[in-house]
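Undergrad: This is the structure alone, sequence omitted:
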């Protein structure tokens, strides 16, 4: 019977370019992470199988798996992994890597996460009024307003319970920036340039 | 005793009642809290969508560097997401010399430097280990007699290192609740995940997680869920009506912060100190009877 060699190029790609990707090497395939995951029933592969697919060179299956963005960051797998794999960091690293290549593992979380990060990058903090508004409006002008109206009851409840600042719309008024925003931006740019897969 | 307070973005908005009550409790127990001047966001649970891992560590390293420059006191991070992000960076800075060097190269871009050693603490850690249950019990003026609570830590509160409590079966908040005179019901979901940072955008998928928590609390006859995480508080409370729609349930379960009940039991004002008027699913009736 003919044997087929695994394609090793994808695993090397993950080890080098994905944040914490090298941790995949530590996995011994025990499956504790998969069975521990609170969303195990919603996942097709789960972490253990994803690591196995990475080693087997199954690039398309891994990069297009919605599982890589279904991690709630609960750290249950992290605290139980007998090999100390940074399971959460690898999942997040894979999701970030996929997004960078134009693959969108989960549409809504991708949009919200983008609005979230933009707020950090522009002001240094997350404005809990601004970010949901910007996220909602990403659905386009018509759907955006429709979605905004659907969220009105939540917004009103938060406002009347002193748990939200009032805004007429995104940027109205603009969110406050931290004093050291210029320096923080420089730091974040430098950090990006020094991240795996970004050097040189 | 002086500590830094890292409120994080949440305690300035959706978790404002946490901030008010943390400050009231600190005042009642003689702790001095200083806010880290010009702190930035920790990146929270969905940092990875826009940022790389090193960028998220940069966010946290900047806060650690500021804290060191401003006095180096232990940092209290009441939000579990802030806590986990900041303590991860603090630990990895100590354990990985290469990362420490990289972070200092990055911090230098903004004229900062960090040499390590600043401690990151959860508010439960400080309450339980620095003050202790006996001192908390001694401060109680209006015990929460007859109040049945389901103590819910959430997933991130004691993780990933378990520095001050078990990562699987924590007890610190249970003990604090008993010190206040409340009745703690057995609660298997105490450290289970509610959906955390993807709850809002994946509500249908995460609904069974949050539903399991609300369901068990209801079954066990709890008057309210007590938590120490603003994300849990928000997911379980603000969206409870949405969850009821998705799951076909009729939960009506208040979700309050541990510090709100402490402030009340210490004789503080319902609004000014405990900020219990800010809870959308109100716990007023049962608490007003108990702490009258």
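TA: Yep, it's here. Computed from a predicted model, the values in this text were never measured in an experiment.
Undergrad: Going by C-alpha atoms from here, please, whenever you check contacts or count neighbours.
TA: OK.
Undergrad: buried stuff in stretch B:175-191?
TA: Residues of stretch B:175-191 classed as buried: B:175-185, B:187, B:189-191 (neighbour count, 16 or more other Cα atoms under 10 Å in any protein chain shown).
Undergrad: now stretch B:126-138
TA: For stretch B:126-138, a neighbour-count test (16+ other Cα under 10 Å) marks B:126, B:127, B:128, B:133, B:136, B:137 as buried.
Undergrad: Quick one: end-to-end length of that stretch, please.
TA: Taking Cα to Cα, to the nearest Å, stretch B:126-138 runs 17 Å from one end to the other.
Undergrad: Of the buried residues of stretch B:126-138, which belong to helices?
TA: Judged by DSSP state H, these include B:133, B:136, B:137 as members of helices.
Undergrad: which of the residues you listed lies closest to residue A:157?
TA: For those, the residue nearest residue A:157 by Cα to Cα is residue B:136; the value is 32.8 Å.
Undergrad: quick one: pLDDT of the closest residue to the closest one other than its chain neighbours?
TA: Spatially, and ignoring its direct neighbours in sequence, residue B:136 is nearest to residue B:179 (6.7 Å; Cα to Cα, 6 or more residues apart in numbering or on different chains). Looking at residue B:179, its pLDDT reads 98.
Undergrad: Against chain A, how distant is residue B:179?
TA: 28 Å (Cα to the nearest Cα, to the nearest Å).
Undergrad: tell me the contacts of that residue?
TA: Neighbouring residues of residue B:179 by Cα atoms under 8 Å, 6 or more residues apart in numbering or on different chains: B:133, B:134, B:136, B:137.
Undergrad: What distance do you get for the third one to chain A?
TA: Relative to chain A, residue B:136 is positioned 28 Å away (criterion: Cα to the nearest Cα).
Undergrad: same thing with the first one?
TA: Here residue B:133 is placed at a distance of 27 Å from chain A (Cα to the nearest Cα).
Undergrad: Report the secondary structure state of residue A:30.
TA: coil (DSSP: H, G, I helix; E, B strand; the rest coil).
Undergrad: Grab the nearest non-local neighbour of it.
TA: residue A:48 (7.7 Å).
Undergrad: Need phi/psi at the closest residue to residue A:67 other than its chain neighbours.
TA: Of all residues not flanking residue A:67 in the chain, residue A:43 sits nearest, at 5.6 Å (Cα to Cα, 6+ apart). When quoted as degrees, to the nearest 10, the phi and psi of residue A:43 stand at phi -90, psi 150.
Undergrad: Contact partners for residue A:43?
TA: A:66, A:67, A:70.
Undergrad: Number of residues surrounding the first one?
TA: Spelled out, it's residue A:66. 21 (other Cα atoms under 10 Å in any protein chain shown).
Undergrad: hang on, isn't it packed against residue A:105?
TA: Yes - the criterion here is Cα atoms under 8 Å, and residue A:66 meets it with residue A:105 at 4.5 Å.
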